[in-house]
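Engineer: When you get a sec, could you give me coordinates for this:
(chains A and B)
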Amino acid sequence: MDHRRFETWLLNDEQLTPEKNSELQAHLRICAKCAALAEANLALHSAVMAAPAPGFASRFQARLAAQKKVQRRRYFLGGMILLMAGLGFVVWQTLPFLPSLRTIFSSPTQVLASWMFSLVGLFTSLRAFGEASAIMLRVATGFIPTYAWPLMVVFFVGLSVVWMFSVQKFTRVPARV
Amino acid sequence: MDDEKTWILQAQQGSDEAFTTLVETYEKPVYNLCYRMLGTAELAEDAAQETFLRVYQKLNRYDINRSFATWLLSIAAHYCIDQLRRKKLSTFSMHDDEGDPLEILPDTSAVHPEKEIIRGDQREHIQKLMQSLSETDRAAIVLRYWHDYSEVEIAETLSLTVSAVKSRLHRSRKKLGDLWQDESEQTPNVERMPYGSPAF
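Structural biologist: Numbers count the residues shown, from 1 in each chain, chains lettered A, B, ... in the order given. Now for the predicted structure:
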């Protein structure tokens, strides 16, 4: 008798026609392997749901409240640590300037003049940097031939596409087998 | 919009009351999955509670167009699989130290109480045999037979392909059948049941 056919029916958990079912019943009387498979399947088909002890939702609410409390405490402690660290950093950074603070109160005009001098220096540097960049761009446009510009654009766009594709590929969670 | 979606939206807006309603609605399926996976009432209770905590924290990331039950059971199944892998639970007792199992007892007032009792024994027996399955195979079997999930839904829940689910279910059924035969040979006086399921 073709044993494998019946085993396949059982393993695939197929819905059988009455004729096939009669054939299977006859086979099960003589084949211990298929009979065991059928009994295991029957036990699975008669599965019942297990229920938690009464009051599950109340116990969950208590657990959620406890977790929220712990989280609040954690946030508070974290905030305090950050605040203290920030204050410490500010004090540490201010310490070398403490003597000059006295100058602010003794001669504010001198301090204001020094601040203005720094600001003017900053703006002058920025302007010089802008002029240097403009000169370099002018030199580059004369140096690089016209046909090379579209090629460069295509190259950088291609590079960006490859980069985005790689990021997407490596960050996607694959389906497990 | 159905009630469930309303509760989810309210819970997403911060209503703990709506979330509690969701817990009350789904406590049994989540607990059952955890119980069938982990084997003891104590571990199942803890895993089910942890599942709902995780759901509470991730609720804003839930896509309302997806099935909530599938998403919820997916979190529960992955948590249980992680727990089993981490702790390498080798023992799988139906009667835990906390007392009697919380499973629904066979209905002795049924039309055929003796049949019901035998079926209860079979259910207990199959649960014991399931310890030999891998974590993911066990989850697939529980979702298929206890939760009546289709292969597509199991695939979605366990992040597997449909063909992988089919293969896992096939392999698990075969293994359970082999184990059932081995145990039956060791205890030859076990009464065989008439085959009443659609396939038999």
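
Engineer: Tell me the buried residues in whichever strand or helix holds residue A:44?
Structural biologist: Remark: residue A:44 resides in helix A:32-45, with elements defined by DSSP states H and E. Of the residues in helix A:32-45, those buried under the neighbour-count criterion (16 or more other Cβ atoms under 10 Å in any protein chain shown) are A:33-45. C-beta: built from backbone N, CA, C; applies to glycine.

Engineer: Quick one: mean pLDDT for it?
Structural biologist: Taken as a whole, helix A:32-45 has an average pLDDT of 88.

Engineer: Same question for stretch A:98-106.
Structural biologist: The average of the pLDDT scores along stretch A:98-106 is 71.

Engineer: Tell me the first helix or strand C-terminal of the helix holding residue A:44.
Structural biologist: Beyond helix A:32-45 toward the C-terminal end (DSSP H and E), the next one is helix A:56-94.

Engineer: Can you pull out the low-pLDDT segments for chain A?
Structural biologist: Counting by pLDDT under 70, chain A contains low-confidence ranges at A:1, A:100-101, A:104, A:172-177.

Engineer: What of chain B?
Structural biologist: B:1, B:88-120, B:187-200.

Engineer: Show me where it has its helices.
Structural biologist: For chain B, applying DSSP state H gives helices covering B:3-12, B:16-38, B:41-58, B:68-87, B:113-129, B:135-145, B:151-158, B:162-186.

Engineer: Tell me which of those is the most buried.
Structural biologist: Neighbour counts (mean count of other Cβ atoms under 10 Å in any protein chain shown) averaged over each of those peak at helix B:135-145, with a mean of 23.

Engineer: now for it, which elements pack on it?
Structural biologist: The elements that helix B:135-145 packs onto, with contact taken as 3 or more Cβ pairs under 8 Å, 6 or more residues apart in numbering or on different chains; DSSP states H and E, are helix A:32-45, helix B:16-38, helix B:68-87, helix B:151-158, helix B:162-186.

Engineer: Distance to residue A:141 added to the ones you listed, as TSV?
Structural biologist: Formatted as TSV, the helices and strands packed on helix B:135-145 follow (distance: least, Cβ to Cβ, whole Å):
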stretch	distance to residue A:141
helix A:32-45	76
helix B:16-38	63
helix B:68-87	57
helix B:151-158	56
helix B:162-186	58
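
Engineer: Between these, which one is closest to residue A:134.
Structural biologist: Ranking the helices and strands packed on helix B:135-145 by their distance to residue A:134 (criterion: Cβ to Cβ) puts helix B:68-87 first, at 57.0 Å.

Engineer: Can you name every helix or strand that that closest one contacts?
Structural biologist: Other elements packing on helix B:68-87 under the criterion 3+ Cβ pairs under 8 Å, 6+ apart are helix B:16-38, helix B:41-58, helix B:135-145, helix B:151-158.

Engineer: okay if I get the ones you listed as TSV plus distance to residue A:51?
Structural biologist: Formatted as TSV, the entries for the helices and strands packed on helix B:68-87 read as follows, by distance: least, Cβ to Cβ, whole Å:
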stretch	distance to residue A:51
helix B:16-38	5
helix B:41-58	10
helix B:135-145	15
helix B:151-158	21
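
Engineer: for those helices, which one sits closest to residue A:112?
Structural biologist: With respect to residue A:112, and counting by Cβ to Cβ, the nearest of the helices and strands packed on helix B:68-87 is helix B:41-58 at 53.2 Å.

Engineer: picking up where we left off before, which of the helices and strands packed on helix B:135-145 sits closest to residue A:132?
Structural biologist: helix B:68-87 (57.4 Å).

Engineer: just the CA coordinates of that closest one, formatted as CSV?
Structural biologist: Taking Å, rounded to 0.1, in the frame of the first residue of the first chain, the C-alpha atoms of helix B:68-87 are listed here in CSV:
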residue,chain,number,x,y,z
PHE,B,68,-4.0,44.9,15.7
ALA,B,69,-4.3,41.3,16.8
THR,B,70,-1.5,40.3,14.4
TRP,B,71,0.7,43.1,15.5
LEU,B,72,0.1,42.4,19.2
LEU,B,73,0.7,38.6,18.9
SER,B,74,3.8,39.4,16.8
ILE,B,75,5.3,41.4,19.7
ALA,B,76,4.3,38.6,22.2
ALA,B,77,5.7,35.8,20.0
HIS,B,78,9.0,37.6,19.4
TYR,B,79,9.3,38.3,23.2
CYS,B,80,8.7,34.7,24.0
ILE,B,81,11.2,33.5,21.4
ASP,B,82,13.8,35.8,22.8
GLN,B,83,13.1,34.7,26.3
LEU,B,84,13.4,31.0,25.3
ARG,B,85,16.6,31.6,23.5
ARG,B,86,18.0,33.6,26.4
LYS,B,87,17.1,31.3,29.2
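
Engineer: what angle do that helix and helix B:135-145 make?
Structural biologist: Between the direction of helix B:68-87 and that of helix B:135-145, the angle (axes from the mean of the first three to the mean of the last three Cα atoms, to 10 degrees) works out to 150 degrees.
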